[in-house]
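Participant: My questions concern the predicted model and sequence given below.
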Amino acid sequence: MASLTINGTVHEVDVEPDTPLLWVIREQVGLTGTKYSCGIAQCGACTVHVDGVATRSCTLPVSAVTPEQRIVTIEGLSPDGSHPVQKAWLELDVPQCGYCQTGQIMAAAALLQANPQPSDEDITVEMTNICRCGTYNRIKAAIKLAANGGAIRG
Amino acid sequence: MFVLAAGLPTILPAQENKFGADGMPNGWRDDPTIYISLAEDGTVTVTCHRSEMGQGVRTSIAMVVADELEADWARVRVAQAWGDEERFGNQDTDGSRSLRHWFMPMRRAGGAARTMLEQAAAAQWGVPENEVRAANHVVTHAPSGRSLGYGALARAAAMLPVPDRGTVRLKESSAFRYIGKDTVGLIDNYDFTTGTAVYGIDARVEGMLYAVIARPPVYGGKVASYDAANALKVPGVLKVVTIAPPPIPSEFEPLGGVAVIARNTWAAIKGREALKVNWEDGPNAAYSSDTYRARLSEAAGKPGKVVRNEGDVERAMAGAAKRVSAEYYIPHLAQSPMEPPAALVRIVDGAAEAWACTQAPQATRGLLAKRLGLPVEKVKVNVTLLGGGFGRKSKPDFVVEAGLCSQAMDGAPVKVTWTREDDLHHGYYHTVSVERLEAGLDASGKPVAWLHRSAAPTIGSIFAPDPKHELPFELGMGLVNTPFDIPNIRAENPEAAAHVRIGWFRAVSNIPHAFAIQSFVAELAHAAGRDPKDYLLELIGPARIIDPTKIGDVWNHGEDPERYPIDTGRLRRVVETAAEGIGWGRSLPKGSGVGIAGHYSFVSYIAVAAEVAVGDGGRLSIPRVDIAIDCGPMVNPDRVRSQMEGAVIMGAGLATSAEISFKNGRAEQNNFDTYELTRIDSAPREIRVHLLPSTDYARPLGGVGEPGLPPVAPAIANAVFAATGKRIRQLPIRDQLST
């Protein structure tokens, strides 16, 4: 049994302690916006926030998460898709297939929380999630758009 | 053979002069009652029968219908068709064909529905039909000032017969409000950005179970023996079952192996780790990439099957002032969509239902029916969103695995998930090839003779005893249809045997062919002391129209050679546009260089100009890429742009870092730590897409999803040469610049 605080709600889940948080979120809790893609913390499709820090949930065993830690998934980032990063993603039509984008958005939201005005260099260093469709240039532009409060500035 | 007939139009030459959508299995439909529903609240729902995998087809199909229907985009929704080609026409989402084949049928469907609304309003008001007009979700009778919204007319319009397609008036393209405009965004974007979009791996039904499968590590191998005792001790593991190995060639059949079925995916993964399986590797156990490359090279060094021959290459070569030759190696690749193959199947009362991220819903349905022993009409395939496809999800093996697991659990719903390791170890890999080129130049440096030998295992090897030669559709991807103005030209295709499953990968054989040809053109330019861009344009020659069938391409991407001839003027223009975009000829710092490549594929014309910088220790960066596309008239320019951006990044990845290699029949890469895909830090910093304008919607549409990819790698390799003098003849570049 594990007790997890996800998007402000406490979930009691009956899982083996070595189960990665990713699978618990997807299968026991039923929130499928957090994605599996590599299982070895390489690609970031499974990114969630743990106490505000972008975390790859596919290699984090639930036993390492305490009930006090606040887990936020894409479903909890905003109630209605209104987080500035989500709005910027809509504005610039960033996604292609969309699969990695929830992880990208969670990574970008954490980046902006820590660094509200990231430079190109900051974005390049911090955003290490893989997108096979190749949306990186729009991701960069959208992060800058979100950083500028949704206004396109030079 | 059912699967061949249903799933593989691309490998067959056009039959009985049937081209385009006419030549596809189950053809096309344009009946609005199939694709369009209108609710009484005015909501229009467009059913998209093509799979969405990032190309934006759900948005673009809905745009076409909505435009002709004169619908207000804010009231348009999209639903996904299940797999049923009797009803929807061809659903194979591949070959960069969705809009090329469906633009006109979807326009007619929208136009017919609009006509029915106008007829309903005219009848209600008792006025002549030609006095009413539908515009933006309202039908108006101007003389009397009356108007009715679409919702209010829905019921009456639905009672009317569908008008004959010959009588349906289509809009003038000047009146388009969505087609060709950047006026609407991605229809699924809210779902993408909030995590509510449902992919195959996300499918959920009550009481479902989860499975992962241990598959033979070598193609053609099978289980010799296994011990499931420890697997069954893993908490949550319910059952371990074998899946029979398929006959070889295995077509779209599952590879067989041992399935672990559990209460959750993690238990299934742990259970599989605890399995002990002894494999019998079979005839491909010796397949190793290094020795195989040597074999391909040997084959390419000798004459092979002649697939194009004009003039007298031997004689011209003998009389040439200078002869240049080069050999290129392009390795296997894995499509590796971010969503690995995953599918859910349940069987209830003799009927199977699947939820799958498939590019080929009908082939999936047919093979599920065959393997489950059910009539086709008792199998339903629900198509989810695809988290990328790139050709991998055209093969339904993974869905059939879920069906067999469900059958083993008395029909309980079972989801099979492929781990990333499964994806890289058991793929339908992009072919591997050695391309050898030789040219004879005259005293001015112009080629008078051209010989291209391409040795690569064929996709045909998964469907029939290995033909060992490229099929017409592979030859027609840049080997035989290179439109160069050279009097003596020959293409040969020596034998190459397949030892793994070879499958479609975005742009397919265009990747090796274009890499070799466009690299070689730059090599010849260098040998002749000429500017590579000018030299490329000279080889393309003056603007002219070429009948592809006259130069050995009997396939022509399945299109009518009269409607879709090769137009070298269009190829010239994209090369010139890309060159102008990057500022060809400007001075660059030491260690920087620009390169260019142009390629015709999927009946579209694309050129790429790349700027690279090679720093200390050979560290390669790509500050900028300009890509120019002429795909004829466009439906959704922003999705054309995004496809070009994506092609540049995928192309940069296969140019610089991605490779699947084999040793003892086994893929050597396990995951994204060793199969290196482009990330944001290695992606081209700036990508500028140049869309060549085309406003004449009577002209045929070209493909978009795939053709951006082939010219990217050679443009980068040519830029590397310009920057460093180092010629790249093997992909990926990886550490070749560090020495």
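Facilitator: Cool, got the structure.

Participant: Who are the packing partners of whichever strand or helix holds residue B:261?
Facilitator: In this assignment (DSSP states H and E), residue B:261 forms part of strand B:257-262. Other helices and strands packing on strand B:257-262, by 3 or more C-beta pairs under 8 Å, 6 or more residues apart in numbering or on different chains; DSSP states H and E, are strand B:209-214, strand B:222-227, strand B:237-243, helix B:265-274, helix B:397-408. To be clear about C-beta, it is placed using only N, CA and C from the backbone, and glycine gets the same treatment.

Participant: Next, the angle from it to strand B:237-243.
Facilitator: In terms of direction (axes from the mean of the first three to the mean of the last three C-alpha atoms, to 10 degrees), strand B:257-262 departs from strand B:237-243 by 160 degrees.

Participant: that older thread, make JSON lines from the helices and strands packed on strand B:257-262 and add mean neighbour count, distance to residue B:451 and mean pLDDT to it.
Facilitator: Shown next, in JSON lines, are the helices and strands packed on strand B:257-262 (neighbours: other C-beta atoms under 10 Å in any protein chain shown; distance: least, C-beta to C-beta, whole Å; pLDDT from 0 to 100):
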{"stretch": "strand B:209-214", "mean neighbour count": "26", "distance to residue B:451": "46", "mean pLDDT": "98"}
{"stretch": "strand B:222-227", "mean neighbour count": "14", "distance to residue B:451": "43", "mean pLDDT": "98"}
{"stretch": "strand B:237-243", "mean neighbour count": "20", "distance to residue B:451": "47", "mean pLDDT": "98"}
{"stretch": "helix B:265-274", "mean neighbour count": "23", "distance to residue B:451": "50", "mean pLDDT": "98"}
{"stretch": "helix B:397-408", "mean neighbour count": "27", "distance to residue B:451": "39", "mean pLDDT": "98"}
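
Participant: out of those, nearest to residue B:482?
Facilitator: In terms of C-beta to C-beta, the element of the helices and strands packed on strand B:257-262 nearest to residue B:482 is helix B:397-408, at 34.1 Å.

Participant: so after that closest one, what's the next helix or strand?
Facilitator: Following helix B:397-408 in sequence, per DSSP H and E, is strand B:414-417.

Participant: Next, the contact list for the residue of chain A found nearest chain B, please.
Facilitator: Nearest to chain B, among the residues of chain A, is residue A:33, at 1.9 Å (C-beta to the nearest C-beta). Neighbouring residues of residue A:33 by C-beta atoms under 8 Å, 6 or more residues apart in numbering or on different chains: A:73-75, A:102, B:194-197.

Participant: Next step: the residues you listed restricted to helices.
Facilitator: In helices, defined here by DSSP state H, the members of the contacts of residue A:33 are A:74-75, A:102, B:194.

Participant: For those, give me CSV that also has neighbour count.
Facilitator: Output for the ones in helices among the contacts of residue A:33, formatted as CSV (neighbours: other C-beta atoms under 10 Å in any protein chain shown):
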residue, neighbour count
A:74, 29
A:75, 20
A:102, 30
B:194, 23
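
Participant: Redo the residues you listed as CSV? Include distance to residue B:556 and pLDDT.
Facilitator: CSV is the format used below for the ones in helices among the contacts of residue A:33 (distance: C-beta to C-beta, whole Å; pLDDT from 0 to 100):
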residue, distance to residue B:556, pLDDT
A:74, 44, 98
A:75, 48, 98
A:102, 41, 98
B:194, 43, 98
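
Participant: What is the nearest of those to residue B:465?
Facilitator: residue A:102 (45.1 Å).

Participant: ok, and the closest non-adjacent residue to the closest one?
Facilitator: Excluding its sequence neighbours, the residue lying closest to residue A:102 (C-beta to C-beta, 6 or more residues apart in numbering or on different chains) is residue A:74, at 4.0 Å.

Participant: so that neighbour sits right up against residue A:104, yeah?
Facilitator: No - if you go by C-beta atoms under 8 Å, residue A:74 and residue A:104 don't touch, sitting 10.0 Å apart.

Participant: Wait, residue A:22 touches residue A:38, no?
Facilitator: No - using C-beta under 8 Å, residue A:22 is not in contact with residue A:38, being 10.6 Å away.

Participant: Give me the common contacts of these two.
Facilitator: Here residue A:22 and residue A:38 have residue A:58 as joint contacts, going by C-beta under 8 Å, 6+ apart.

Participant: okay, now residue B:163: neighbour count?
Facilitator: 17 (other C-beta atoms under 10 Å in any protein chain shown).

Participant: cool, and residue A:53?
Facilitator: Residue A:53: 11 surrounding residues under other C-beta under 10 Å.

Participant: pLDDT value on it, please?
Facilitator: Listed pLDDT for residue A:53 reads 98.

Participant: Could you export stretch B:714-725 as PDB, keeping only the C-alpha atoms?
Facilitator: C-alpha atoms of stretch B:714-725 as PDB (Å, rounded to 0.1, in the frame of the first residue of the first chain):
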ATOM      1  CA  PRO B 714      22.900  15.000 -47.700                       C
ATOM      2  CA  ALA B 715      22.500  18.700 -47.200                       C
ATOM      3  CA  ILE B 716      24.100  18.400 -43.800                       C
ATOM      4  CA  ALA B 717      26.900  16.100 -45.100                       C
ATOM      5  CA  ASN B 718      27.600  18.500 -47.900                       C
ATOM      6  CA  ALA B 719      27.800  21.400 -45.400                       C
ATOM      7  CA  VAL B 720      30.200  19.300 -43.300                       C
ATOM      8  CA  PHE B 721      32.400  19.000 -46.400                       C
ATOM      9  CA  ALA B 722      32.200  22.700 -47.100                       C
ATOM     10  CA  ALA B 723      33.100  23.400 -43.400                       C
ATOM     11  CA  THR B 724      35.900  20.900 -43.000                       C
ATOM     12  CA  GLY B 725      36.900  19.200 -46.300                       C
END
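
Participant: and that stretch with chain A, contact?
Facilitator: No - using C-beta under 8 Å from any C-beta of the partner chain, stretch B:714-725 never reaches chain A; the gap is at least 14.2 Å.

Participant: Ok, stretch B:496-504 next?
Facilitator: No - no part of stretch B:496-504 sits close enough to chain A to count as contact by C-beta under 8 Å from any C-beta; the gap is at least 15.6 Å.

Participant: what's next to that stretch, contact-wise?
Facilitator: B:10, B:94, B:219, B:250, B:284, B:287, B:292, B:296, B:299, B:332, B:335, B:391-392, B:394-395, B:427-431, B:433, B:455-459, B:461-462, B:466, B:468-469, B:662, B:665, B:667.

Participant: Now do the end-to-end distance for that stretch.
Facilitator: With C-alpha to C-alpha, to the nearest Å applied, stretch B:496-504 spans 17 Å between its terminal residues.

Participant: what's the offset of that stretch from the middle of its chain?
Facilitator: Distance, stretch centre to chain centre, for stretch B:496-504: 18 Å (C-alpha atoms, centre = their mean, to the nearest Å).

Participant: and that stretch, average pLDDT?
Facilitator: Mean pLDDT, computed over stretch B:496-504, is 98.

Participant: buried set for it?
Facilitator: Buried residues in stretch B:496-504, counted by 16 or more other C-beta atoms under 10 Å in any protein chain shown: B:496-504.

Participant: per-residue pLDDT, residue 10?
Facilitator: In the absence of a named chain, this looks at chain A. For residue A:10, pLDDT reads 98.

Participant: Not quite, go with chain B.
Facilitator: pLDDT, residue B:10: 48.
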